[in-house]
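Chemist: starting from these lines, generate the structure:
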Amino acid sequence: MPFLLIVLFVVAMVSPGRAETPADRQFAIIFNNTKTDGGFNELALRGLQRFKIETGLDARENIIRTEEESVQSMRNFAQYGIRNILLIGFVNEGAVSTVAQEFPEVHFTLIDGRVDLPNVRSVLFREDEAAYLVGMAAGLASRTGTVGFIGAVPIPPIKRFECGFVQGVLATRPSARLLRRFLGSDANAFRDKDAAHSMAEHLVAEGADVAFAAAGYAGIAVLETMAAAGRLGIGVDTNQNGLFPGHVLTSALKRVDIAAYLALKDAHEGKWTAGVQYLGLAEQGVDWARDDANATLIAGLVSRLEAAAVDIAGGRLAVRPAELADACR
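Modeler: Next comes the predicted model:
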């Protein structure tokens, strides 16, 4: 891309009506498809907004839809002199691996994906810890003894959700019948609400009265279907309790906002480091959601789940990883 076009591209990312400052060449964040998806991207946006409020600094932003766009966006930012680039999602692993090798002096932070290079921070979550807690809730709340899990695709983060959920259910309901399904085999499954709706209907027909949807945007269709059937759903990533009040038991939270904020803050303070960073209950990187929207549903469950959360964070209760837990295979 000619240099003039690169300049125009990057200048367009500066907030309207504000003069460029040297700090504008320090930080950039790349979103997938949208900034307001009610999930990962919106959480990252919250982390960025917190950083901007606390520091008074701005950051460049871009929205990409394909791996090719991700690669070109990173190259544009790096060529213009930006030295800290943040991306969200495993779908960017290939793009980050390519561009990080081209610009070894640039720091790349990939949230929820892993690239092992000396200038990349890979932020991973202990999804199984949050899923264990919502699994406990499902086991305690189920009246039929049949609970369901719907994942988008069987990739490591979703498998961790699945495995933690299974262990949590069995911890409170050893005789539970578990129904586990996946929507597809590629990233499109995270947006396939039709498939999610159909899958949830099948789970209801098989007797499931609680279903955990680890399927991104498509998971909203699972919650909607369970609510329409008078059953309970469990949300994921962000707090989805309020989507269908009275029918969302809780949500398994992944604090992408915390991960984004910490990456930007560390870069600003000169504390950024490469390598793999894990965020679990102990780091407040995952949690389970409780608020007014689900207060009635979890009234008798809170103390038991909070005690388990404390034990997991303190290392007294171990959630076995997916590759080692026989019940998850």
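Chemist: Leu170 and Ala229, how far apart?
Modeler: Noted for Leu170: a distance of 24 Å to Ala229, by Cβ to Cβ, to the nearest Å. (C-beta placed from N, C-alpha, C; glycine too.)
Chemist: and Gln284, that one's in a helix?
Modeler: No. Going by DSSP: H, G, I helix; E, B strand; the rest coil, the assignment for Gln284 is coil, not a helix.
Chemist: what about it, neighbour count?
Modeler: 12 (other Cβ atoms under 10 Å).
Chemist: count the residues that sit near Leu271.
Modeler: No Leu there; residue 271 is Lys. 9.
Chemist: how about the contacts made by the closest residue to it other than its chain neighbours?
Modeler: Nearest-residue entry for Lys271: Lys265, 7.9 Å, with adjacent residues in sequence omitted and distances by Cβ to Cβ, 6 or more residues apart in numbering. Remark: with contacts taken as Cβ atoms under 8 Å, 6 or more residues apart in numbering, Lys265 is in contact with 51, 54-55, 271.
Chemist: now, which of the residues you listed sits nearest Leu179?
Modeler: Among the contacts of Lys265, Phe51 lies closest to Leu179 (Cβ to Cβ), at 41.2 Å.
Chemist: and the next helix or strand past the helix or strand encompassing the closest one?
Modeler: In the assignment (DSSP states H and E), Phe51 maps to helix 40-55. Once the chain leaves helix 40-55, the next helix or strand it forms, by DSSP H and E, is strand 60-64.
Chemist: note down every partner strand of that following strand and its orientation.
Modeler: Using DSSP bridges, strand 60-64 pairs in its sheet with strand 27-32 (parallel).
Chemist: output the contacting helices and strands for the strand or helix carrying Gly139.
Modeler: Using DSSP H and E, Gly139 sits in helix 127-141. On a contact count with 3 or more Cβ pairs under 8 Å, 6 or more residues apart in numbering; DSSP states H and E, helix 127-141 meets helix 156-172, strand 210-214, strand 232-237, strand 248-254, strand 286-288, helix 302-313.
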